[in-house]
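K.L.:
Test case, fold it:
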Amino acid sequence: MRLLFYQSKSVICSQLRKLHTKSSILECPIEKIKNIGIFAHIDAGKTTTTERMLFYSGVLDRTGEVHKGDTVMDYMEQERTRGITIVSAAITFPWLNHRVNLIDTPGHVDFTIEVERALCVLDGGICILDASAGVQAQTVTVWSQASRHSVPYIFYLNKMDKPNANVDLCLSTIQKKLRANPLLTQIPLSLHGQFNGFIDLINKSVHTWGQDPSGRSFESTTLSEQMHGEVFEKAMKERNNLIESICDIDDTLADCVIERFSIEDTTPEEINKALKRVTLARTGVPVFCGSSYKNMGVQPLLDAVTKYLPNPVERGRDYSKPFDNHMCAMTFKIIHDKHKGPLTFFRVFSGELKQNQRVHNLTRDGTTKLMKVMVPFADEYVEVPHVSNGNIAIVSGLKGVTTGDILTSSQSAFHYAQKHLLKSEGEVRREFFVGPSVPDPVFFSSIEASSLSEQKALETALECIKLEDPTLKVKYDQETGQTVLGGMGELHLEIIKDRLEKEHKCHVNLGPMQVAYREYIMDCGRKKYEYNKVVGSTKIRVTIDLSISQLDYPGDKNEIQVVKEKENLDNITRITPTIMSAIKDGIEMGLSMGPRSGSPLSGVKVGLQWFEAPSRTSEIAISAAASQCITQLLREVGTGLLEPVMAVELVLDNEFSHRVLGDLSKRRATDLDISQILDSKIIRASVPLGELRGYSTAIRSMTSGTATFSVELSNYLIVPEERVPKVMREITGISYE
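P.N.:
Residues are numbered from 1 along each chain as shown. Below is the predicted model of the structure:
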C-alpha cells in the first residue's frame, strides 16, 4: 500500500510562489501547455472542481465554497450572492511539469456566450456531469457548441457521494443524448454505503480517500484477487470491456491485441496512448469519477488532463510556421477593472505578445499599442514582459478592441500567413476570421436613469458592459424616447441592472420584460425602386431591384445574395465591394423593423437583381435606397408574427408532477416528454417564452422549492391567429380587438 501525497508532485504555497517567477512563466515550452475549459449544466460542480484544482496545485492555501461565497473564480458580487457563475474566469496553474490555462464557464443558458467565446480559444475541455442526473439540458447545448469548434473532451462524473449517483445512467445519457462513445476508466467504490474512492482500470490500482479530510493525500494499492475478491473479477471484466471498446475505434491498439492474442496483457502505456488518440479524434471520450466537494478524485482528473487533452501543437493551433513566428492573437474576453481599467484577454496563436508592442487590428483595420502584458493567477494578475505562443494573456489599456478581434504584428504578416494557409490547406482557418457566434436577444426591457443628472453616467456604464457582454443589445427608441436593453433572459437583464447599480453606481429603473417577437414574410415578391433626392445642387438617383423569398424555416437567419443571371451579369459584376457593403447595410436596416409590429424580420432571403447609381454616389444614399426598397416590398407581400419557443426541462419529485403538468398545459406547452429517474420525474416540453414570465417563482411555489428547471431557446414559431391581437397589444400598447 502506498500513501500518495500530491503536494510532493506540485509544490505549494511559498514553494509555488518561487516556481511562479517570471522566468518560469516565460520558459514553458508549447508542448507542456494545456488550454482547457470546464463546462457543465448549472450546479454540476464546475467552480467547486476548479477550486480543488487550484488547492491541490498549490495556488490556494485553502478551498473556497460556492455556498459561502468565497471562491476565487466567482469573483463578482452577483456571483457570490446568487451562488452561480455569471462570467467565465481564467487562471493559470502548474501540474506535473505542465502549465494549465483554465477557463471556468457559466452553466446557465442566459450566459452561454461565455462558453461560446471560451471555446474559440481552448484546446480541450472537461465536461462535468452530476452523477445523479447524467446529461442535462445545458450539457447538450455545451456539447453541440464544442462539436462546432471540434474541441476534444473528457468527462468527469461529479457528486459520486450522492446516494442516487448512477454511473450507468451517466454512460447511457452520454450515448443517447450526445451520441458520444463513453470509455469508463474508473469504477467507484464505497465504504458503508459512502463513496470513498475508485478502481483505476488502466493501471489496475485502487485509490481510496478518508484519512486526510483535505483530500490532499490518498491511499493507493495494487488491485489483486487476494485483497479485493469479487471486486477484482468485476474490475478485470470492466478493464477488458474498456480495451475492447477502444479497439473498436483505434486500429493501433487493436493490432497490438491481435498480435499477442491477449487483452489481459495490454499495458497501461498502450491504453493511455490509445485513449489520447481517440480523444483527439473525438471518436471516444474517457470518463472519470469523483466528488469534488468531498475532496475525492480531483488529482487523478488533473493527471488525465495532462495525459489525454491536447497541447496547442497537437490541436493544430500552432501557427508559427504560416506566420513566420510573427505575433498573431485573438481577443476572447474584455472586463473592466476598477484600478487597471479595461483588461483584454488574448489567446496567442503565433509569436510573442510583448509589452509596448504596436500591433495591427485585422478586424478593425487599424493600429494600436499594447500596454502592460499580464498572466492570470487566481485573483491576481502577474505582469510579464511577454507571453509566448500557445498561452492566454491579458493586456491592459487597450482601446478600440472587441471580442473576436484578430491582432497581428503587421498587416503584411497576416497576408503572408493567408497565402501560406491557402496554399497548404486549401482554406484559411476559421478562427482568423470569425469570432464567437453571438445569439440574438429574446427579452427586451426599457431602462432609464432615476434622474437626468445620471443619464450620462448610465450611457457610459452601458457602453462598458456592452463591450464586456456582446449579448447585451442597447438601442434608443426614437418614437418613445426610451433606451431599450435586449438580453438572453430575465436573469441576464436583472444581473445587468444589479451591475449598473453596484459597480457603476447608477440608480436605474427597469421596465417590464418584453418578449423579442419577430416577423416573417407571407409571400415572395420583387420590386424595382428609384431613389431620388436633391442635396444642395446635386441630384442623387439610385435604382435598385430586390427580390425577397422565404427560407425553409421562418426562424432562420436572413440571407442576402447577389443574383447572377444572363440578363444582369454585366451590371452585377460592376458592383464594387464598398457599394455591396452599403447595399447590405441598407437591406439589414430595412429588415430590422417589420411593417406589422416593428419587430425584426427573420427567415428572409433577399436577392440583389440590379443596381444603378452615378459613380460618386455616397454610401449613405445607397443604403437609404436599399432600405426603402425593402420596406416597401415588405408592405406589399405582408408579414406575420413569430414568437420564441423555449425548450424547458424540469426535475421534480413525483408528488408534484400532476400539478406542474397542469400548469404547463395552461402555458401552451407542447412536445411533452416525461421520464423517470429513481424518485424523480424529468419533464421536457416546448413552451412559448411569453408564457414563462416569472416561471422560476411559480415553480418554486408549486414544488416547495425542491424542483430545478432550465430553459433555452429552441426555435421560433408562428403566433396563432387568435393570439395575434393580444401580442400586438403587448408590443404596441394599442388594442387591435
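
K.L.:
where does the stretch 351-500 of the chain have low pLDDT?
P.N.:
377-379, 418-436, 478-480 (pLDDT under 70).

K.L.:
what are the ranges of the strands in it?
P.N.:
353-354, 358-361, 366-369, 373-377, 380-384, 386-387, 392-396, 406-408, 443-449, 473-477, 482-487 (DSSP state E, counting those that start in this stretch).

K.L.:
can you check the stretch 501-650 of the chain too?
P.N.:
508-510, 514-515, 518-521, 525-535, 538-550, 559-562, 604-612, 639-653.

K.L.:
for the longest one, packing partners?
P.N.:
Which is strand 639-653. strand 518-521, helix 657-666, strand 680-688, strand 708-718, helix 724-732 (3 or more CB pairs under 8 Å, 6 or more residues apart in numbering; DSSP states H and E). Just so you know, the C-beta spots here come from the backbone N, C-alpha and C atoms, and that holds for glycine as well.

K.L.:
One more pass at 7 Å, please.
P.N.:
For strand 639-653, the packing partners by 3 or more CB pairs under 7 Å, 6 or more residues apart in numbering; DSSP states H and E come out as strand 518-521, strand 680-688, strand 708-718.

K.L.:
Out of these, which is the most enclosed?
P.N.:
strand 518-521 (a mean of 24; mean count of other CB atoms under 10 Å).

K.L.:
May I have it as PDB, with CA atoms only?
P.N.:
Taking C-alpha atoms only, strand 518-521 is exported to PDB below (Å, rounded to 0.1, in the frame of the first residue of the first chain):
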ATOM      1  CA  ARG A 518     -40.200  38.600 -34.900                       C
ATOM      2  CA  GLU A 519     -41.900  38.900 -38.200                       C
ATOM      3  CA  TYR A 520     -41.900  36.700 -41.300                       C
ATOM      4  CA  ILE A 521     -42.900  37.300 -44.800                       C
END
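
K.L.:
how near is the residue lying closest to residue 360 once chain neighbours are set aside to residue 317?
P.N.:
Closest residue to residue 360 apart from its sequence neighbours, by CB to CB, 6 or more residues apart in numbering: residue 411 at 4.9 Å. Plainly put, residue 411 is 22 Å away from residue 317 if you go by CB to CB, to the nearest Å.

K.L.:
Of these two, which one has the most company?
P.N.:
residue 317 (21 against 13; other CB atoms under 10 Å).

K.L.:
Can you give me the pLDDT of the more buried one?
P.N.:
Per-residue pLDDT puts residue 317 at 73.

K.L.:
Also residue 289?
P.N.:
Value for residue 289, per-residue pLDDT: 96.

K.L.:
Same check on residue 274?
P.N.:
Per-residue confidence at residue 274 stands at 96 (pLDDT).

K.L.:
May I see the buried residues of stretch 382-389?
P.N.:
For stretch 382-389, a neighbour-count test (16 or more other CB atoms under 10 Å) marks 382, 384, 386-389 as buried.

K.L.:
Correction: the previous question concerned stretch 578-595.
P.N.:
So stretch 578-595, judged by 16+ other CB under 10 Å, has buried residues 579-580, 582-583, 585-591, 594-595.

K.L.:
Which member of these is positioned nearest residue 122?
P.N.:
Nearest to residue 122, judged by CB to CB, of the buried residues of stretch 578-595 is residue 588 at 31.4 Å.

K.L.:
Off-centre distance for stretch 45-61?
P.N.:
Relative to its chain's centre, stretch 45-61 lies at 22 Å (CA atoms, centre = their mean, to the nearest Å).

K.L.:
Show me which residues of it are buried.
P.N.:
By 16+ other CB under 10 Å, the buried positions in stretch 45-61 come out as 45-60.

K.L.:
So residue 499 versus residue 370, what's the distance?
P.N.:
27 Å.

K.L.:
For the two, indicate the residue with more neighbours.
P.N.:
Taking neighbours as other CB under 10 Å, residue 499 and residue 370 compare with residue 370 leading, 23 against 20.

K.L.:
Would you confirm that that one contacts residue 394?
P.N.:
No. Counting by CB atoms under 7 Å, residue 370 stays clear of residue 394, with 10.7 Å between them.

K.L.:
need the strands of the stretch 351-500 of the chain in CSV with distance to residue 304, can you?
P.N.:
What follows is the strands of the stretch 351-500 of the chain, written out as CSV (distance: least, CB to CB, whole Å):
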stretch, distance to residue 304
strand 353-354, 29
strand 358-361, 36
strand 366-369, 40
strand 373-377, 23
strand 380-384, 27
strand 386-387, 26
strand 392-396, 21
strand 406-408, 32
strand 443-449, 40
strand 473-477, 40
strand 482-487, 37
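
K.L.:
looking at the ones you listed, which is closest to residue 270?
P.N.:
Of all these, strand 392-396 sits nearest to residue 270, with 33.0 Å by CB to CB.

K.L.:
Dump that closest one to CSV, restricted to CA.
P.N.:
Extracted C-alpha coordinates of strand 392-396, given in CSV (Å, rounded to 0.1, in the frame of the first residue of the first chain):
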residue,chain,number,x,y,z
ILE,A,392,-3.5,33.0,-22.7
ALA,A,393,-2.6,36.6,-21.7
ILE,A,394,-4.2,39.8,-20.5
VAL,A,395,-3.4,43.3,-21.9
SER,A,396,-4.4,46.5,-20.1
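
K.L.:
Let me know the closest of the buried residues of stretch 578-595 to residue 332.
P.N.:
residue 588 (25.5 Å).

K.L.:
Let me know the pLDDT of that closest one.
P.N.:
93.

K.L.:
before we move on, what about residue 178?
P.N.:
pLDDT, residue 178: 92.

K.L.:
Correct me if wrong: it contacts residue 143.
P.N.:
Yes. Between residue 178 and residue 143 there is a contact at 4.9 Å, judged by CB under 7 Å.

K.L.:
and the closest residue in space to residue 514 that isn't next to it in sequence, how many residues sit next to it?
P.N.:
In space, and not counting its chain neighbours, residue 514 is closest to residue 444: 4.5 Å by CB to CB, 6+ apart. Counted with other CB under 10 Å, the neighbours of residue 444 add up to 22.
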